[in-house]
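S.K.: Output the structure for:
(chains A, B, C and D)
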There are 4 protein chains.
Amino acid sequence: MAMTGVLRPGHAQLRVLDMDESVKFYTDVMGLVETGRDASGRVYFKTRAERDHNSIVLRRADRAGLDFFAYKVLNKATLEELDGKLKAYGVVTERIPAGEMLETGERVRFQIPTGHTIELYAEKTDVGNGMTYNDPEVDVVDGKGIRPIRMDHALLYGGDIDGSRKLFEEVLGFNLVERVKLEDGATDLAVWLTCSAKAHDLAMVRHSEDNKLHHVAFQLASWEQVLRAADIMSINRVSIDIGPTRHGITQGTTIYFFDPSGNRLETFCGGYDHYPDNHPITWSWEHVGRGIFYHDRKLNPAFLSVLT
Amino acid sequence: MAMTGVLRPGHAQLRVLDMDESVKFYTDVMGLVETGRDASGRVYFKTRAERDHNSIVLRRADRAGLDFFAYKVLNKATLEELDGKLKAYGVVTERIPAGEMLETGERVRFQIPTGHTIELYAEKTDVGNGMTYNDPEVDVVDGKGIRPIRMDHALLYGGDIDGSRKLFEEVLGFNLVERVKLEDGATDLAVWLTCSAKAHDLAMVRHSEDNKLHHVAFQLASWEQVLRAADIMSINRVSIDIGPTRHGITQGTTIYFFDPSGNRLETFCGGYDHYPDNHPITWSWEHVGRGIFYHDRKLNPAFLSVLT
Amino acid sequence: MAMTGVLRPGHAQLRVLDMDESVKFYTDVMGLVETGRDASGRVYFKTRAERDHNSIVLRRADRAGLDFFAYKVLNKATLEELDGKLKAYGVVTERIPAGEMLETGERVRFQIPTGHTIELYAEKTDVGNGMTYNDPEVDVVDGKGIRPIRMDHALLYGGDIDGSRKLFEEVLGFNLVERVKLEDGATDLAVWLTCSAKAHDLAMVRHSEDNKLHHVAFQLASWEQVLRAADIMSINRVSIDIGPTRHGITQGTTIYFFDPSGNRLETFCGGYDHYPDNHPITWSWEHVGRGIFYHDRKLNPAFLSVLT
Amino acid sequence: MAMTGVLRPGHAQLRVLDMDESVKFYTDVMGLVETGRDASGRVYFKTRAERDHNSIVLRRADRAGLDFFAYKVLNKATLEELDGKLKAYGVVTERIPAGEMLETGERVRFQIPTGHTIELYAEKTDVGNGMTYNDPEVDVVDGKGIRPIRMDHALLYGGDIDGSRKLFEEVLGFNLVERVKLEDGATDLAVWLTCSAKAHDLAMVRHSEDNKLHHVAFQLASWEQVLRAADIMSINRVSIDIGPTRHGITQGTTIYFFDPSGNRLETFCGGYDHYPDNHPITWSWEHVGRGIFYHDRKLNPAFLSVLT
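M.R.: Prediction:
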C-alpha cells in the first residue's frame, strides 16, 4: 500500500502550570474543543476538524514541557510490527494499556536518543468533527478562537539528533526533508522529517540539554487565517515570539507564540509536498537565519534558547 | 516505511488537435515550462515547481483525449513488485523501454477495466525547479500564465468503475476517500481515491463509454490564485466550464475549463488530508449536486456529458 | 473640504414577506446585528463594523422590494443646502421628522425619475461597533453568519436612468464611474455612480418598469471572505443567483443571492478607487456579458429579469 | 459635489544616492514602471495601475530624503482657490510652472510648519495603465516585482505637527482619523489625516528635527500580496524594517523596508474607510506600541529614530 506504517502525529501531552488558565487558553484562544477529563485530572482536546478523540492532552505539573509525543499507525498489526522492529533495533519499549488515555487504544512507548518519550498507537475513537460521513457540509469559521485544522508536528531539542533521526528513518520509515548544517558543514544543527507527503511531521534541533520542547504546531488553512490568528493573539495579549512570517525551510507561513505556561506553540500554514524520491534540501550555517525566518533573515535570540 | 509503493501522479499524455496552438496555450495561459520535444513530435511540459522532467506530454492527433495517465512509484524494486502483483491479479502488463519518453525510465503499462491506459514508472530526471537544493529561495509568481504548483490528479469516465477501483485499492494500495451513490443507494456513480494523504490522486465516474477523460487537474496554492487563474482565462478567452467555486467532495476550490482541443482541465486548490484510517464519505444521489458543486448545488449539464 | 455633501449609502428599507423568517436570515446568515424594533413593527439592523444605529430596515409587506434608499450627508447645513438644490432643480421634497426611524434625524425624501424613493439625512446615533474610540482592538470574525463590513450600495432598475443619473450628478455631486451602452452605441443600458472614491455608491439599469430593485450590496473584506460567504449560503440553503465570481465593471468580486422574500442581495469585495478626475469607462453591448460577469462572459438569464 | 478640493496623494520626489541602483530597485523590486527622464536627470515612475504619468520621482543627491510631497486637486479652479486660501491663512506659496516636472501642470508649492515642502497641482497627463477606457480587462500580476496599486500616503516627522495638522484641516479640508497622545495625555505624538474616505492620505509624527521623512507608502491589494512582497524583498536582500504585520492604527497590514539609499518605504494593504462624520480614534501613550504594530505590541527601536 502507498500510505502504511506510521500515519501522522496523533497526540501530544503537555505539562501546564495552572489548569484552569490553560483550559481557558486552549479553548477560547486556540479554539480547541475540550473532549474529556480523566481521573488523574488530565484535560483532553481536539481541533474542531479532527475526528479522533484527542490530540492535545494537558497535565498539571510544576514545570512546563512535553511529556510525550505520539504517532498514529495504520492498525494493530502495524503496531506489533513496529514494536518488534524497535526492539530489534535495540530500543526498550513499554506497553501502555488501552484506556490509560481516554478513548485511546494500547500504546507502545519508548525513548529516543535525544531523551524524548515517543508513543505509537493504532486506535483512538472517532468522535467526529461535526460534519457527517454522509452528505457533509463544508465547515466554516464561525466560533471563538484560532481554530486550527489539526495538531501538525513538533520540534524537539536534544543532544543526539543523529541517533534520533536514524531511528525515525530506519525503524519508523520517516524521510529526511531538510537539514541545517553547523559551521563545520558536516554536523546537522537541525533536521526535518516526514512520515507522509507533508513538509514535516517532526523536526529536531541539536541542543546541550536532552528532552526539551521547542514547539508543538497546529495547521491553519491559509495565510489569511494566520493573520486572524495573530490578531486573536493580540486581542488576548498572548505572548508572540515571532510572526506572522515565513519559514525558508518548508516554505510554510508561521507564528510562534507561548501558552500561559510558557510552552511555545506554532500556527503553521502551507509548506510544499515532499515525496520519498525528492532529495533533501540542505542549508548552510551562513543561511540558517533566512532558512528559519525567511523575511527577517536572522534567528531571533529566543529561537535557540527559550525551551520547555 | 510510511510512504511507499505508488507515490503520486507523474505524467499525463494528452491528445491535441493543433500543436502550435496547444503549446502556446500550455505555455502562455497555463504557465507551464516546455522541457523538450521528441522525435515523434510530442512536446513535454512541467510546472515551474515540479522537479521531474515532465508531467504533461502533448501528442498531435485527430481526436482530443487522454492517451495514458501515469504514477511514479518509489523505486525500481517497487516497479518490479507492482508489475508482479498486477500480473498475479490477472492484468496484462507491457514494458515501455526507458527513453521512449524523454528523461523517463522504463514504464509498466496496463489497461484498467474502464478501458484507460495506466502506467507506472520509477525514474524521471530531476531537472530542477529553478530553486537550488542548497539554501534555496522561496518562489513567487512573477511570470506569465496560471503557473500551477503540480499536475495533481485525473478524473476518468468509464463503465466498470467497480473493477478499476478494486484494482487500484487491492493491487496498487490506493484508499477510497469519497463516493457518490446512484439513486439505488447501492451502485457507485463515482469514486475518489488517494495513494497519499491528498484528498484524491484519481477519481472515476461511471459512464456508458469506456476510456474517456473528464479532466486533468493542476494544483494551485490559494483561493486567491484560483481567482487569478480565472482572470487569466478570461483575458485569454479560455472556455470556462464552471467556477471559481468549491467542491463539496474533497472541499477543494476549483475551476473547470477547456484547452483549445476541448480537453477539460481543472485548477484545484485545497482539499482536506485523508489518511487510511479515515472512513470514506458517502454522498447520496439526492445530494450529488451539492457534492460536486457546493455553491450551485446542482450539476451543470456539461459535467456528465462533455468528455474527451 | 475634500469630502463634503453626500457621504455614503446610509440605510435601505426592504419589504419582506415573513418577518420572523427574515430576522432569522439577516441575523444568522447575513450576520447583521439587530439594533431595534419600532412601534410599526419594523426591525433595524447594522453590520457589526458600522457605528451608526442602522443600515438595513425590514418592513413586513405582501410584496418584496425596496421602500427607499438613503444617503447620509455631512451635516444639517448640508441637508438644508441639498434640499434647496433639489427644489431648485424642480424636485418635490418631503421632510420626514426625526425619530420616524429609530435613532435617525430628519430626512429629506424625494422621488427620482426612475420612480425610486431616495432619502438624505444628516444624523443617526453612533451606537458603536464594539470597538472603542480609545485604544481599540482589531475586530476578527468569531461569530455566526457572513458578517459584512458595511451596507455598500444598491442597483436600481427603472425607465429614465438618464434623468436619475443627471439628478445624482448635477444636484448631489455624484460622479459617473462606468457605463454600458446598448446596441445603438448611444443609449446607456446601465450606469455606475460614486459619491466618494469607491467604485460605486449607486448603480442603475434601464428597465421597462419603474421603481424596481436589483440588489442591495454588502462589502466584504477579502476574496477569502467571499468564499466563506458562499459556503455559509450553501450550508443554509440560501438561493444563490451567481458567484463567487468577478465583475469586469468595478473589478470587484461578488456573489448575488436572495433573501427569503426574494430580494436580491450581493456580497461585494474590492473594486478600484475612482476619483473625479478619472474618465468613466464605457462598455459596448458586445462586451456587456464580460463587463457584468468577468469569468462567465455572458449575462445569466436572471440578471435582467428577476427583480423586486 | 461629494469629492472636491484635494483629491489624493499625487507625487513624491525622493532623493537617492545612486541613480542606477535606485532605478533598478524601483523597477525590478518595487515593480514600478519608468515613464521618463528629464533634462535635470530625474527619473519618473508610476505604478502599473496608476493612469497619471508619475507618482514617484527620483533625484540624485548626496543625502537621501523627500524633496516634496504633492496632492492632486480637482481642477485648475480649485488650485487657484486653494492657493488663495493658503495665502489668506498666511502661507507663502510659490508657483512652479507647468512642464518643470514631466507631463505635469502648474504646481502651487508651500512649506508647512513641520518644514516639509508640499505641492498642489491639477493636471498630470493620463498615460494609461495598460487597460483601455473601453471594454477593459482585469489586470493580473504577471511581471517582476512587488507591483503595488498606487502610491498611497506619506508619514512625515517634524516639530510643529499641531500647526501642520491645523493647516491641512482648516485650509485643505483634511479630516483627522486617528491620533496618539504623549504621556501627558494632551499633546499629540502623531496624527493620521485623510482627504478622502481612506484611513489616511498623510500622517505626521512629532520629532525634534524638521522636514524628515519616515516613509512613503504603496498600496497592495491583499494580505497575500503583502506576503509576496516580503518574499520578493528577501529574494532581493532588501532591508526589511518590520513586517509583514498589522497596524492597530488604520488596521491596515504592512511591511516597512528601505530603498538602497535608506529611504523607508511601506507596502500597505487595507485599512478601514473613514468619513468626516466619524469621530477620530485616540491612542494613549500606554497603548502606542499596539497601535503602531498590533502583533508585536511594542515600537521597534527604528520607528522613532531612523529617518531620512
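
S.K.: what about stretch A:155-166, start to end distance?
M.R.: The straight-line separation of the ends of stretch A:155-166 (Cα to Cα, to the nearest Å) is 16 Å.

S.K.: Check what contacts it and list those residues.
M.R.: A:66, A:69, A:112-116, A:176, A:188, A:190-191, A:193, A:202-215, A:217, A:266, A:307 (Cβ atoms under 8 Å, 6 or more residues apart in numbering or on different chains). To be clear about C-beta, it is placed using only N, CA and C from the backbone, and glycine gets the same treatment.

S.K.: Of those, which belong to strands?
M.R.: Among those, the members falling in strands (DSSP state E) are A:66, A:69, A:176, A:188, A:190-191, A:193, A:202-206, A:212-215, A:217, A:266.

S.K.: Buried among the residues you listed? Make that a PyMOL selection.
M.R.: Filtering the ones in strands among the contacts of stretch A:155-166 down to the buried ones (16 or more other Cβ atoms under 10 Å in any protein chain shown) takes a single PyMOL command:
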select buried, chain A and resi 66+69+176+188+190+191+193+202+203+204+205+206+212+213+214+215+217+266
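
S.K.: other SSEs contacting the longest strand seen in chain A?
M.R.: Taking DSSP E as the criterion, chain A has its longest strand at strand A:6-16. Applying 3 or more Cβ pairs under 8 Å, 6 or more residues apart in numbering or on different chains; DSSP states H and E, one finds that strand A:6-16 contacts strand A:56-60, strand A:65-73, strand A:117-121, strand A:150-158.

S.K.: for the helix or strand following that strand, which positions count as buried?
M.R.: Using DSSP states H and E, the helix or strand that follows strand A:6-16 towards the C-terminus is helix A:19-24. By neighbour count with 16+ other Cβ under 10 Å, helix A:19-24 contains the buried residues A:19, A:22-23.

S.K.: and which of these is nearest chain D?
M.R.: Chain D lies nearest to A:Ser22 out of the buried residues of helix A:19-24, by Cβ to the nearest Cβ, at 21.8 Å.

S.K.: Correct me if wrong: the closest one contacts A:Ser261.
M.R.: Yes - contact between A:Ser22 and A:Ser261 holds when scored by Cβ atoms under 8 Å: they sit 6.4 Å apart.

S.K.: anything in contact with each of those two?
M.R.: Counting by Cβ under 8 Å, 6+ apart, the shared contacts of A:Ser22 and A:Ser261 are A:Val16.

S.K.: Identify, out of the helices and strands packed on strand A:6-16, the most deeply packed stretch.
M.R.: strand A:150-158 (a mean of 24; mean count of other Cβ atoms under 10 Å in any protein chain shown).

S.K.: Take stretch A:136-145 and give me the span from its first residue to its final residue.
M.R.: One end of stretch A:136-145 to the other measures 23 Å (Cα to Cα).

S.K.: Does chain B have contacts with it?
M.R.: Yes - Stretch A:136-145 reaches chain B (Cβ under 8 Å from any Cβ of the partner chain) through A:136-138.

S.K.: Residues in contact with that stretch: which ones?
M.R.: Outside stretch A:136-145, the residues within contact range by Cβ under 8 Å, 6+ apart are A:27-32, A:48-49, A:129-131, A:147, A:225, A:228, A:232, B:246, B:248, B:251, B:281, B:294, C:141-145, C:228, C:231-232, C:234-235.

S.K.: buried residues in that stretch?
M.R.: Across stretch A:136-145, burial judged by 16+ other Cβ under 10 Å covers A:136-142, A:145.

S.K.: Using PDB, list the CA coordinates for stretch A:250-258.
M.R.: The C-alpha coordinates for stretch A:250-258 follow below in PDB (Å, rounded to 0.1, in the frame of the first residue of the first chain):
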ATOM      1  CA  THR A 250       9.400  24.100   4.400                       C
ATOM      2  CA  GLN A 251       8.300  27.500   3.000                       C
ATOM      3  CA  GLY A 252       5.300  27.500   5.300                       C
ATOM      4  CA  THR A 253       4.000  30.600   7.000                       C
ATOM      5  CA  THR A 254       4.000  30.800  10.700                       C
ATOM      6  CA  ILE A 255       3.600  32.400  14.100                       C
ATOM      7  CA  TYR A 256       5.500  31.200  17.200                       C
ATOM      8  CA  PHE A 257       3.800  32.100  20.500                       C
ATOM      9  CA  PHE A 258       3.500  30.800  24.100                       C
END
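
S.K.: Contacts for it next, please.
M.R.: A:177-178, A:192, A:199-200, A:215, A:223, A:226, A:229-230, A:233, A:238-247, A:264-272, A:294, B:138, D:227.

S.K.: hey, where'd the helices end up in chain A?
M.R.: Counting by DSSP state H, chain A has helices at residues A:19-24, A:76-88, A:161-170, A:223-235, A:288-292.

S.K.: which other helices and strands contact the fourth one?
M.R.: Contacts of helix A:223-235 with other secondary structure elements, assessed using 3+ Cβ pairs under 8 Å, 6+ apart, are made with strand A:240-246, strand A:253-258, strand A:264-269, helix D:223-235, strand D:240-246.

S.K.: Give the residue spans of the stretch 151-300 of chain A that score low on pLDDT.
M.R.: Residues of the stretch 151-300 of chain A meeting the criterion pLDDT under 70: none.

S.K.: Tell me the residues of it that contact chain D?
M.R.: Within the stretch 151-300 of chain A, the positions near chain D by Cβ under 8 Å from any Cβ are A:223-224, A:227, A:230-231, A:233-234, A:237, A:240, A:243-246, A:253, A:290, A:294-297.

S.K.: Just the buried subset of the residues you listed, please.
M.R.: A:223-224, A:227, A:230-231, A:233-234, A:240, A:243-246, A:253, A:290, A:294-297.

S.K.: For A:Glu178, see how far away A:Asp162 is.
M.R.: In this structure, A:Asp162 and A:Glu178 are 16 Å apart, going by Cβ to Cβ, to the nearest Å.

S.K.: Looking at these two now, which is surrounded by more residues?
M.R.: A:Glu178 (25 against 15; other Cβ atoms under 10 Å in any protein chain shown).

S.K.: The more buried one and A:Val205, how far apart?
M.R.: 12 Å.

S.K.: same question, A:Arg237
M.R.: A:Arg237 is 28 Å from A:Val205, by Cβ to Cβ.

S.K.: Equivalent analysis for A:Glu224, please.
M.R.: According to Cβ to Cβ, A:Glu224 and A:Val205 sit 29 Å apart.

S.K.: cool, and A:Val171?
M.R.: Taken as Cβ to Cβ, the span from A:Val171 to A:Val205 is 21 Å.

S.K.: What of A:Ser222?
M.R.: From A:Ser222 to A:Val205 the distance is 28 Å (Cβ to Cβ).

S.K.: same check, this time on A:Ala88
M.R.: Distance of A:Ala88 to A:Val205, given as Cβ to Cβ: 28 Å.

S.K.: Now for the residue of the stretch 101-250 of chain A found nearest chain D: which residues touch it?
M.R.: Closest approach of the stretch 101-250 of chain A to chain D (Cβ to the nearest Cβ) occurs at A:Ala230, with a separation of 4.7 Å. Counting by Cβ under 8 Å, 6+ apart, A:Ala230 touches A:240, A:243-244, A:255, D:245-246, D:294-295.
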